[in-house]
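Colleague: how does the following fold in three dimensions:
(chains A, B, C and D, ligands or ions: 2)
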Amino acid sequence: MEETIFACQHEETPAELELAIPAHLLRDDLPLPNPSELEVLRHYTRLSQKNFSIDTNFYPLGSCTMKYNPRIAHEVATLPGFSRLHPATPAVAAQGLLRNLAELQGWLAELTGMAAVSLSPAAGAQGELAGVAMIRAYHQARGDTQRQRMLIPQAAHGTNPASARMAGFTVTELPNLPNGDLDLDALRAALGPDVAGIMLTNPSTLGVFERQIQEVAALVHGAGALLYYDGANLNAILGRVKPGEMGFDVMHLNLHKTFATPHGGGGPGSGAVAAASRLAPYLPVPRVVGEAGSYRWESHAERPESIGQLSAYAGNIGVLLRAHAYVRRLGHAGLRRVSAYAALNANYLMHGLRRQGYTVAFAERRATHEFIISVQDLHKASAVRALDVAKRLLDFGIHAPTIYFPQLVPECLLIEPTETESKASLDRFLEVMAQIRREALEEPELLRNAPHDLPVRRVDETLAARRLQVAE
Amino acid sequence: MEETIFACQHEETPAELELAIPAHLLRDDLPLPNPSELEVLRHYTRLSQKNFSIDTNFYPLGSCTMKYNPRIAHEVATLPGFSRLHPATPAVAAQGLLRNLAELQGWLAELTGMAAVSLSPAAGAQGELAGVAMIRAYHQARGDTQRQRMLIPQAAHGTNPASARMAGFTVTELPNLPNGDLDLDALRAALGPDVAGIMLTNPSTLGVFERQIQEVAALVHGAGALLYYDGANLNAILGRVKPGEMGFDVMHLNLHKTFATPHGGGGPGSGAVAAASRLAPYLPVPRVVGEAGSYRWESHAERPESIGQLSAYAGNIGVLLRAHAYVRRLGHAGLRRVSAYAALNANYLMHGLRRQGYTVAFAERRATHEFIISVQDLHKASAVRALDVAKRLLDFGIHAPTIYFPQLVPECLLIEPTETESKASLDRFLEVMAQIRREALEEPELLRNAPHDLPVRRVDETLAARRLQVAE
Amino acid sequence: MPYIPHDNAETAAMLEAIRVPRLEDLFDEIPPALQSDVSALPEGCSEARLRREMEERAAEQAPLRCFAGAGAYAHHIPAIVWEIARRGEFYSAYTPYQAEASQGTLQLLYEFQSFMTRLTGMEISNASLYDGASALAEACLMALRLRPAAREILVPEGLLPHWRRVLDALLPMQGIRLRSLPQDPHSGRLLLPEENFPEAAALILPQINRFGLLEEVDALAHWAESHNLLRIAVVNPLALALLKAPGDWGEQGADIVVGEGQPLGVPLAAGGPYFGFLTCRRDYVRQLPGRLVAKTVDAAGQVAYCLTLQAREQHIRRAGATSNICTNQGLLVTAATIHLATLGANGLRAAAARAHQQAQRLRALLARLPGVELPHAGPVFNEFVLRLPRPAPSVRDGLLAHGFLAGVPLIELNPADDPHDLLVACTELSEDEDLDGYASALAGVLGEM
Amino acid sequence: MPYIPHDNAETAAMLEAIRVPRLEDLFDEIPPALQSDVSALPEGCSEARLRREMEERAAEQAPLRCFAGAGAYAHHIPAIVWEIARRGEFYSAYTPYQAEASQGTLQLLYEFQSFMTRLTGMEISNASLYDGASALAEACLMALRLRPAAREILVPEGLLPHWRRVLDALLPMQGIRLRSLPQDPHSGRLLLPEENFPEAAALILPQINRFGLLEEVDALAHWAESHNLLRIAVVNPLALALLKAPGDWGEQGADIVVGEGQPLGVPLAAGGPYFGFLTCRRDYVRQLPGRLVAKTVDAAGQVAYCLTLQAREQHIRRAGATSNICTNQGLLVTAATIHLATLGANGLRAAAARAHQQAQRLRALLARLPGVELPHAGPVFNEFVLRLPRPAPSVRDGLLAHGFLAGVPLIELNPADDPHDLLVACTELSEDEDLDGYASALAGVLGEM
Ligand SMILES: Cc1ncc(COP(=O)(O)O)c(C=O)c1O
Ligand SMILES: Cc1ncc(COP(=O)(O)O)c(C=O)c1O
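Modeller: Numbers count the residues shown, from 1 in each chain, chains lettered A, B, ... in the order given. Ligands and ions are numbered 1, 2, ... in the order given. As a prediction, the model looks like this:
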């Protein structure tokens, strides 16, 4: 039986309303349902039960850092004293909040080795946009207006080229070497007076640490260009390596990944940007300044070189408060443990899968917080694809890893267990992967028809796009 | 795979503790698991999903009034200003709370037509115990010490005789007439100088209104005995008929039924007691007295005739606050609507099921908020029992009605839809019941083996009692 | 119409289907003389209005740092505890009579029973009673069922007075006598009785007593054993993270253990809802009051859980039931189970030790103030009596303005107690700054008086 | 170790399995020169300590009755909205790329899309953008993709200044020019431009404008149609419960509609997280930024939902994507969907009407105070400008002590505005007693100044 909220009509004749609004500006009808509170509660509670989530499932979803989101962070972030503050509340009436934000700015600067932080970007991609816009503003302020090109590794996340484009850059893609490191020759060849900068993440999306990063920085800086750091992978090196010390000029952090704020079925996130001192003047507004008892929002007049304002207010405050709570709770030692155990869990899984016969990409390298396997061998043997492995995992209550990203490795799965999974949970994953491997070779249709035990069978995405029924 | 919290060991060597307690009073080990926070969250979230609940399922559970529990009541009852109050907080520092309780006492008195209310009993059964203890105290205060017997209809809820027994009474059961009313001749015969009182509910557990209640009251009072009203069925007559005006001397209310506080998988409830003026002095302590700005707990010294204190503090305050919120939100008109729609929904289902061929007990009577069907015809035709119908309903996501209660009607199901179910929900129940009836006649093993689609198949309760594995 | 889904057309269609002209006609069997209304009640209000009124009332009193105890304590409750317990599937579920539709609640209760047997060192645990005090009354009734010839229960004066009052209300109705055993006026601890009590079924053994003091439970249990009395232990479940489990008291261990579950994840909430727990020896299971969950299998042979030995309960045995309890305190047990799991063995020990250590610190700090004395010297867990140079209620009231709920004046629990005595409790939430703040506020208040 | 489950034995076993001696060795590929630490960060603290600190900070400011608006409003949020949205299955789920494991979120988003198309009178809705202002920037980019030859967007000065600043930050980087259209200084409403704008792709039409005034949207849309400009409507979604849907503006209706979702169940939270919505004509769906959910079937032919037209998005199209957005504002959309369902058509209309009526009342009340004027006469929804006899920021600050956040001074939004102007908003939470309290507090503050 299909359950839909649109069935809950209960049409009462709406009361006549007294309005001081001319009739021609009003609407006649409002075609929305009128369910009872219990109908709403039941409908959405049941819907929720159809989801996988961290609270119910293991999510070895590479690049996404799906770890435990401590509930205390939700609790403190939604205290009425924070959640009921209007954004136009004057600073004198918001000192508690501003203090948290000021602390978070400082902590993130310390963690990244950068001079200054703006918390306003709403997600990673907006942080990237801010960062590359800052690079643009920097060159322009120096009259260096020819720098229209942004270098980006082929393996980079899709937001990097998309953000560069939104900031008005053209994009040049760079190849990686077979060992996962960047191809420095290609980099040298690409650099030139029209290059504004390079967008990298380290560890890269290949799951390995870019060992030549200092050389890369020297080359890029030598060519007058700047380095952008995509902080989505910061969980791998949290509290150990600082992008600022690697030579990066500006970066964003995905607070919804590394700092354990929840993904909420798609968002919200927060993509705080951090910059070295020469880029700090360009950080987006607003930022918090001041000291205990006298925090305030920096005025626009104080930040004439800023790239400006990316959203109507000061960013996703609720997410920032969760990140603040997370850092406060863990402290410096706890944050370092995060990266240690993220690495331990990833390397443990990588070894385990290799022992089972899975092909590990960059097998001679250490896994960082994530690693890649390829099932091309299974594809050749029985036409099973990475997608089928992913769907079959769902039957075991395990969310699929990221698949077909990075596009460099054929039939790949990018696996990131995160530090909050227990050894028991990892061992179960290994068991399930061993079983799936057997099934792939012996009963491949089991995979191709997976999932079998979910609220729906495999969903027809082609029909979805053809029909395009996207509202009713 | 069996998921158990006991698997989550993670044995850290516990820190050495500095204690100023002699060693012989200490324990050596604490054999409890040490799960991580995520393991706990996942385990219990998954467990929760195995439950039926009002928030996910229709619960036509007779006598239990499983209706919607408005979430706003939870929210306001758990405001820190209430939930963090220590029970020993002096009244000057708890005026907001005491005002709510004082209002609730007044409102319940008005709703029941009684002179005074004590909110302290923790559930219906404790309210019953309080009430019959008050009857005992009343007789004793008058020197009428021979009254050791309590009359209770056969169809009464099991807590009635159990509570009477706990108050030191012996119990005499009374029969009902075929039309559902009490057998007045039997009552007359049972009454005598050793009878302390009678425990009734009206509407009775047979789902019909006891029409002769005024006559019953006259007879009982004429014999020097008192009338106890079991308020579990108050939803049927809420805001329309007052037990005090029917002639009852003392009663309890199940706030967790009529006043929409949640059942919590078994509790907590609240069994506030209300009494006519001659019994008011005996109400359990403590009660709130006073007026705005100067509410306080009545002292023990002020209530020398009280039956005393039934629990360490003042009752289930959190439940009382929910009930208070419910009354405040609905108001007098809203409360009357509750009984109107409770009755409408019950009568609608009763008619619908009768049309399908189900045997309705007391079919010539109006259903109140609930009614009884018997599946003895199905039992004869295909050995299907009420239990099997109940289990089969689960497969359709509908909780089983109350079965085999009242014991008077063979193979019975007691059905109470409550006012918060929509017509669509009732129509679906009727459809499902029609299908089950067909199945019972055509494929009875489908019922006998039900449920089929739940987290477990039919549970072996006999083995459970034999093995008696009740901890590990 | 709040919470009622029917629109006018639906109402009309339903009335039509049952051939009843108007809603009011559904009540036509009720004698008109009995029909009345309730217009004296307030008008209804919007959800927004309700929230506003309640927030205002809840905020009338500024929050107090809580040093009150006497059976209920301001412990830390991890955020996940109620985040999970409040989930609709737990919050709005019924009693798990339909096992197949209640495996979540049932497995959780089974885990609760397992936790409580491990914590108390017993074999059987029920799935909750109303509160600690009424659980103790049930334990007494249980003891008398086990010793049908007996008529008495021995009750040390060290039992909390409000618990004692509950026994006084519930037991004499059934003809049971309560014999008080005196505490040593100097040590505050229970004296080993010299008499014999041939009519007694059991000795109640509160470990911790009402002055916060630890009793010599082994010696006391041993005495009871040698007098052929059942031992009913009364314990604080958090203290059991450190203290010897009642199952190990004396030679044979306690027979029945009860306590107040509030310290395990239950908000103070001005006194409830809390929950009482009761554990016992396996032999006594058929006399157990309250629900019991067992692990069994389903028709497919898979592990499953269900209620068991229901024949003890009122819905089957009626007047012969082991208790009249029906609705219990399920949701609090849900929270307590999650709380126990979240803290785990290590977290429980740490919380208990910290509460103890802070109580030791505060006791020492306060005893240094002029005129303040400690009437008892014995070991305590997290609570102790302070003898003040002024009546305790007025000192307590004076400290309210400083933001402290300083404790519970003993005379408010028992009018016969010394009016200068204040029972003061710490928990793991009592931070050093609070202890210092308390001490200086107390010094100030005493100075002004 | 908070949130990390491994005990020492498990850590050791895992290191052993991967043949790595110590945890630190997992980082041995990283050049030692790059390894540092972060000991300048604070020590960790317990959950209890964290809660305490945050509660203290959150309570530093006593709650204010909120009459501030300017794009974010203090509306009532029914208790069930976040009770459901906070459920772990929504709260901690990932983006629903794996459709089979995300039917809950997907169906909910489909319902959201349906609600938003109905509310705005359009055919297609995405599943959220960051906020209203950035959604407007995306709408402009979309318009320019639809009109590749154009280079300009027409922006009325009636657009909220903070939204305008977002356009200024995001659009010129791509070579897009923003042409301002003036408001009539007397009426405060947009003047029909007399010029032609051959390079413009679209006209932005904010209904309600930044003075709280309603614009003559039909006439303006008509003008834009006749100049072959796309119409980008900017709306308050709650106001649409009463106001004409953009799909019905002018002859042809708006082309793209955007707005700030905050009024639909999203807490004020000092500015975020909120969410932007964007709806449009069906023809334009391939230029739509953001996620889109479609209803389809599964392999068994049952109804199912999935993301669709992903080829527009950055993870497929990379530099050619319709937007760089990836993580969006999913949880807020979850709340908004539940909020819309809970209020329903009737509840939404009632809330909107009440906000409007209270604003009318307050406007009349305040205009009676000596020296206070209403600079504009036109119709408003729930917000209006008050011209004060003193600078608005200091009046606003003066009212804080009376417990009111009196509004938003226009010069704090736009330094060029009259410093005496205060933008005042009501919602359905503004009760009569609040309006009266505001009026008398304002009279008092003005009297003192
Ligand atoms: C490597 C990488 N970079 C950037 C992003 C973009 O971040 P967001 O989704 O917060 O916009 C992601 C997130 O998916 C990512 O994994
Ligand atoms: C008719 C009737 N009486 C009494 C009770 C006992 O109430 P409680 O369960 O709150 O103790 C019930 C509840 O199940 C009931 O249905």
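Colleague: which parts of the stretch 251-400 of chain A sit against ligand 1?
Modeller: Within the stretch 251-400 of chain A, the positions near ligand 1 by CB under 6 Å from any ligand atom are A:Asn254, A:Gly269, A:Gly271. Every C-beta, even on glycine, is put in place using the N, C-alpha and C of the backbone.
Colleague: please enumerate the strands of the chain.
Modeller: No chain in the question, so chain A it is. Ranges of strands within chain A are A:116-118, A:149-153, A:170-174, A:195-200, A:226-231, A:250-253, A:273-275, A:288-289, A:296-297, A:359-360, A:371-374, A:402-403, A:412-415, based on DSSP state E.
Colleague: oops, wrong one, chain C.
Modeller: With DSSP E as the criterion, chain C has strands at C:65-66, C:124-125, C:152-156, C:177-181, C:200-207, C:230-235, C:256-260, C:276-280, C:293-297, C:303-307, C:383-387, C:404-405, C:408-409, C:421-425.
Colleague: select, out of the ones you listed, the one closest to D:Gln98.
Modeller: strand C:303-307 (29.4 Å; CB to CB).
Colleague: who does the closest one pair up with?
Modeller: Strand pairing for strand C:303-307, determined by DSSP bridges: strand C:293-297 (antiparallel).
Colleague: and for the partner strand, what's in contact with it?
Modeller: By CB atoms under 8 Å, 6 or more residues apart in numbering or on different chains, the residues outside strand C:293-297 that reach it are B:459-461, B:463-465, B:467-470, B:472, C:96, C:106, C:109-110, C:113, C:127, C:303-308.
Colleague: if we can go back for a sec, with distance to B:Asn235 as added columns, please give the strands of chain A in TSV.
Modeller: Converted to TSV, those look like this (distance: least, CB to CB, whole Å):
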stretch	distance to B:Asn235
strand A:116-118	57
strand A:149-153	66
strand A:170-174	67
strand A:195-200	64
strand A:226-231	57
strand A:250-253	55
strand A:273-275	58
strand A:288-289	54
strand A:296-297	54
strand A:359-360	64
strand A:371-374	60
strand A:402-403	53
strand A:412-415	55
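Colleague: could these go into a markdown table alongside mean neighbour count, distance to D:Ala345 and mean pLDDT?
Modeller: Output for those, formatted as a markdown table (neighbours: other CB atoms under 10 Å in any protein chain shown; distance: least, CB to CB, whole Å; pLDDT from 0 to 100):
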| stretch | mean neighbour count | distance to D:Ala345 | mean pLDDT |
| --- | --- | --- | --- |
| strand A:116-118 | 25 | 41 | 98 |
| strand A:149-153 | 25 | 48 | 97 |
| strand A:170-174 | 17 | 47 | 96 |
| strand A:195-200 | 27 | 47 | 98 |
| strand A:226-231 | 29 | 44 | 98 |
| strand A:250-253 | 31 | 41 | 98 |
| strand A:273-275 | 31 | 42 | 98 |
| strand A:288-289 | 20 | 41 | 96 |
| strand A:296-297 | 18 | 39 | 96 |
| strand A:359-360 | 18 | 56 | 97 |
| strand A:371-374 | 25 | 50 | 97 |
| strand A:402-403 | 23 | 41 | 96 |
| strand A:412-415 | 26 | 45 | 97 |
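Colleague: skipping adjacent residues, who's closest to C:Arg151 in space?
Modeller: C:Glu199 (5.0 Å; CB to CB, 6 or more residues apart in numbering or on different chains).
Colleague: any idea how far that neighbour lies from C:Ala233?
Modeller: 21 Å (CB to CB, to the nearest Å).
Colleague: out of those two, which sits in the busier spot?
Modeller: C:Ala233 (29 against 13; other CB atoms under 10 Å in any protein chain shown).
Colleague: highest neighbour count among the residues of the stretch 251-400 of chain A next to ligand 1?
Modeller: Tallying neighbours with other CB under 10 Å puts A:Gly271 at the head of these, with 35 neighbours.
Colleague: quick one: contacts for the closest residue in space to that one that isn't next to it in sequence?
Modeller: Leaving aside its sequence neighbours, A:Gly271 sits nearest to A:Gly127 (CB to CB, 6+ apart; 2.8 Å). Applying CB under 8 Å, 6+ apart to A:Gly127 gives the contacts A:Pro121, A:Gly231, A:Met251, A:His252, A:Leu253, A:Asn254, A:Gly271, A:Ala272, A:Val273.
Colleague: what bridges to the last one?
Modeller: Spelled out, it's A:Val273. Bridge pairing for A:Val273 - DSSP bridges - gives A:Ser118, A:His252.
Colleague: what's near enough to touch it?
Modeller: By CB under 8 Å, 6+ apart, the contact list for A:Val273 reads A:117-118, A:121, A:127, A:130-131, A:134, A:250-253, A:283-284.
Colleague: at 6 Å instead, please
Modeller: If you count contacts by CB atoms under 6 Å, 6 or more residues apart in numbering or on different chains, A:Val273 has them with A:Ser118, A:Pro121, A:Gly127, A:Ala130, A:Gly131, A:His252.
Colleague: how far away is the residue lying closest to the fifth one once chain neighbours are set aside from chain D?
Modeller: Once its chain neighbours are removed from consideration, A:Gly131 has its nearest residue in A:Val250; the separation is 4.4 Å (CB to CB, 6+ apart). Remark: distance between A:Val250 and chain D (CB to the nearest CB, to the nearest Å) = 16 Å.
Colleague: check A:Tyr282 too.
Modeller: Counting by CB to the nearest CB, the gap from A:Tyr282 to chain D is 11 Å.
Colleague: ditto for C:Leu50
Modeller: 10 Å.
Colleague: looking at it, A:Ala325 is touching A:Ala73, isn't it?
Modeller: Yes. The pair A:Ala325 / A:Ala73 is scored as a contact, 4.1 Å apart, by CB atoms under 6 Å.
Colleague: which helix in the chain runs the most residues?
Modeller: Answering for chain A, as no chain was given. For chain A, the longest helix by residue count, based on DSSP state H, is helix A:317-356.
Colleague: that answer is for a different chain, and I need it for chain C
Modeller: In chain C, taking DSSP H as the definition, the longest helix is helix C:330-367.
Colleague: now for that one, which elements pack on it?
Modeller: Secondary-structure packing of helix C:330-367 (3 or more CB pairs under 6 Å, 6 or more residues apart in numbering or on different chains; DSSP states H and E): helix B:37-48, helix C:79-85, helix C:103-120, helix C:432-448.
Colleague: what about that helix, near ligand 2?
Modeller: No. If you take CB under 6 Å from any ligand atom as the test, helix C:330-367 misses ligand 2, and the best it gets is 10.9 Å.
Colleague: report the distance from that helix to the chain centre.
Modeller: 15 Å (CA atoms, centre = their mean, to the nearest Å).
Colleague: returning to that earlier point: mind putting the strands of chain C in a markdown table, mean pLDDT and distance to D:Ala101 included?
Modeller: A markdown table is the format used below for these (pLDDT from 0 to 100; distance: least, CB to CB, whole Å):
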| stretch | mean pLDDT | distance to D:Ala101 |
| --- | --- | --- |
| strand C:65-66 | 98 | 45 |
| strand C:124-125 | 98 | 38 |
| strand C:152-156 | 98 | 58 |
| strand C:177-181 | 97 | 60 |
| strand C:200-207 | 98 | 51 |
| strand C:230-235 | 98 | 46 |
| strand C:256-260 | 98 | 43 |
| strand C:276-280 | 98 | 39 |
| strand C:293-297 | 98 | 30 |
| strand C:303-307 | 98 | 26 |
| strand C:383-387 | 98 | 50 |
| strand C:404-405 | 98 | 49 |
| strand C:408-409 | 98 | 53 |
| strand C:421-425 | 98 | 48 |
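Colleague: how about those strands in a markdown table, adding distance to D:Ala239?
Modeller: Below are the strands of chain C laid out as a markdown table (distance: least, CB to CB, whole Å):
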| stretch | distance to D:Ala239 |
| --- | --- |
| strand C:65-66 | 46 |
| strand C:124-125 | 58 |
| strand C:152-156 | 69 |
| strand C:177-181 | 69 |
| strand C:200-207 | 64 |
| strand C:230-235 | 61 |
| strand C:256-260 | 53 |
| strand C:276-280 | 54 |
| strand C:293-297 | 54 |
| strand C:303-307 | 53 |
| strand C:383-387 | 58 |
| strand C:404-405 | 48 |
| strand C:408-409 | 55 |
| strand C:421-425 | 54 |
